[in-house]
Each structure stands twice: as structure tokens, then as C-alpha cells.
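>>> would you be able to build a 3D model of this:
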Amino acid sequence: MPPELLDTPLFLAAIALGALGALLLLAGLMSFFRLHLMAFAYRTLFGLLLLALGGFAGTVAIGIQGYRALTREDLAARISVKPTGPQRFSATFRFPNGRTETFELAGDEIYVDAHVLKWTPYANWAGLHTAYELDRVAGRYHDIRDEREAPHTVHSLARARPVDLLALRRRYAFLAPLFDAEYGSATFVPVAQPAELELRISTTGLLIRESKTPGKP
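Sure, this is the predicted structure:
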């Protein structure tokens, strides 16, 4: 379990709700053995409710791991691009957490997209704020004919997680009140020569700029 998960208010709330629910269920069992049936029913009902709420809070807390909180404009990655042949280039991503990955791509342009989660004010009170996760990088061609017929290359930028909030949102309509919006954003720029780029994301979406501090992670 990631250490940062243990410090999130939502995960702490999940633990508290789960513990209280378990205590109520235990108290309900004691009431049952003492033949206090009304007390057994109430304690069991509220215990199960608290366990369900705790489980839901824990699921959301785990699901947002990998997403980064979005402020005004964040540096999502630094990218070094280098042509390696006709309509071929390599792209090295250096992420703020120190992770580095290199991809071989086909095309005239580098294309990057991301998922963005925007929460409702009710969810904001629980400590959930607009967040994003880079999804994929691909090569893109200038010409539509090349786009249809030439080789395509695409690589994942997302990290594996036990809970996929976007998939849950699409599957379960009752989650709609938590999400103000969930959408994708993409950007692309030509790769004609070696360059150092900054991949940035703001509340309006992704953008790529030339780096002002080349070579820094």
C-alpha cells in the first residue's frame, strides 16, 4: 500500500467508518445473544451502513492514487524528442516524481493525452479536488493518408491501479453527483529536430511548450 495513501483524509475516514461499523456489528451480535432483538436490528443495520460507507470511501481513496492534484498550471513532464529516421523519433519523458521512460514513435508529431477528474463541491469538502493522469503517448502524421495507412505507435503513460474511477463512473450512474466532469484532453506538436519540451496541464487542458530549462527533471 502506498505510504501517501495512509495520509489522505478520505482513507482515514474509510478506516474510521469501517472500525465504527465493525464495533456496531459486534455490539449487535451481543444484543442478539442477550435476546435484545430491537437493539440487534438497529445496531446491525447502522453497522452495515457504516461499513458500506467506509468501503466506498476506501475505494475512492485508492482509485485516485496515481492522479495528481491540478492547481492553475502544472508541469506534467519534461520531454526530450529526437528524430531517428524518416517519420521516426524517440521521446524521453521525465516525470516530476523522478520516473523516466523512453518511447520509439512513428509519425511527424508527438501526441499526448490525459484524463481529468473534476469533483463537485460536496466532494471538495472531503478533500477531493480537480486531478489529472497522463494516459498515452503516440505518433501523429501530418497527412491524413499517412494517418490511415502508415504504421501507428502508441504507448501507455498511466500506471496500473487496483481501482479505475473512470470505469466505475461509466458503469454506475449513482456516482454522478460526485463528479462535476470527467473528460479527456490532448495536445500534439511537430518533431522536426531534437528539442526539449515541457508538457503542461491547466484547467483548460494539456499543452506543450519549448522548455526554458533544458535537461532538468
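>>> tell me what the lengthiest helix in the chain is packed against?
Ordering each helix of the chain by length in residues (DSSP state H) puts helix 37-63 first. In terms of contacts (3 or more C-beta pairs under 8 Å, 6 or more residues apart in numbering; DSSP states H and E), helix 37-63 is packed against helix 9-33, helix 165-171. From N, CA and C alone the C-beta is placed, and that goes for glycine too.
>>> mind doing that once more with 7 Å?
Counting contacts by 3 or more C-beta pairs under 7 Å, 6 or more residues apart in numbering; DSSP states H and E, helix 37-63 is packed against helix 9-33.
>>> now stretch 192-201: buried residues?
Along stretch 192-201, these residues count as buried under the neighbour rule (16 or more other C-beta atoms under 10 Å): A195, E196, L197, E198, L199, R200, I201.
>>> average model confidence for the longest helix of the chain?
Taken as a whole, helix 37-63 has a mean pLDDT of 75.
>>> what do you get for stretch 160-169?
For stretch 160-169, mean pLDDT rounds to 66.
>>> what distance separates the longest helix of the chain from the centre of its chain?
Put simply, helix 37-63 sits 26 Å off its chain's centre (C-alpha atoms, centre = their mean, to the nearest Å).
>>> also stretch 78-93?
26 Å.
>>> and the contacts of it?
Outside stretch 78-93, the residues that touch it by C-beta atoms under 7 Å, 6 or more residues apart in numbering are 77, 94, 100-108, 110, 137, 150, 191, 193-199, 211, 216-217.
>>> could you do stretch 33-47 as well?
With C-beta under 7 Å, 6+ apart as the criterion, stretch 33-47 contacts G21, L24, L25, A27, G28, S31, F32.
>>> report the contact partners of the third one.
Residues near L25 by C-beta under 7 Å, 6+ apart: T44, G47.
>>> again, only using 6 Å
G47 (C-beta atoms under 6 Å, 6 or more residues apart in numbering).
>>> how does this structure divide up, domain by domain?
With automatic domain parsing as the criterion, the domains of the chain are listed as 3-63, 68-210.
>>> surely T187 and G205 touch.
No - T187 is beyond contact range of G205, at 7.3 Å (criterion: C-beta atoms under 6 Å).
>>> residues shared between the contacts of those two?
Contacts common to T187 and G205, judged by C-beta under 6 Å, 6+ apart, are absent.
>>> how much space is there between D108 and L25?
62 Å (C-beta to C-beta, to the nearest Å).
>>> mind listing what's buried along stretch 96-112?
For stretch 96-112, by 16+ other C-beta under 10 Å, it's F103, L105, A106, G107, D108, E109, I110, Y111, V112.
>>> among those residues, which lie within strands?
Per DSSP state E, strands hold the following members of these: F103, L105, A106, E109, I110, Y111, V112.
>>> and the furthest pair within those residues?
Pairwise distances across those (C-beta to C-beta) peak at 15.3 Å, for the pair A106 and V112.
>>> quickly name whichever of the buried residues of stretch 96-112 is closest to G58.
Nearest to G58 among the buried residues of stretch 96-112 is V112, at 31.2 Å by C-beta to C-beta.
>>> which pLDDT value goes with that closest one?
At V112, the pLDDT value in this model is 97.
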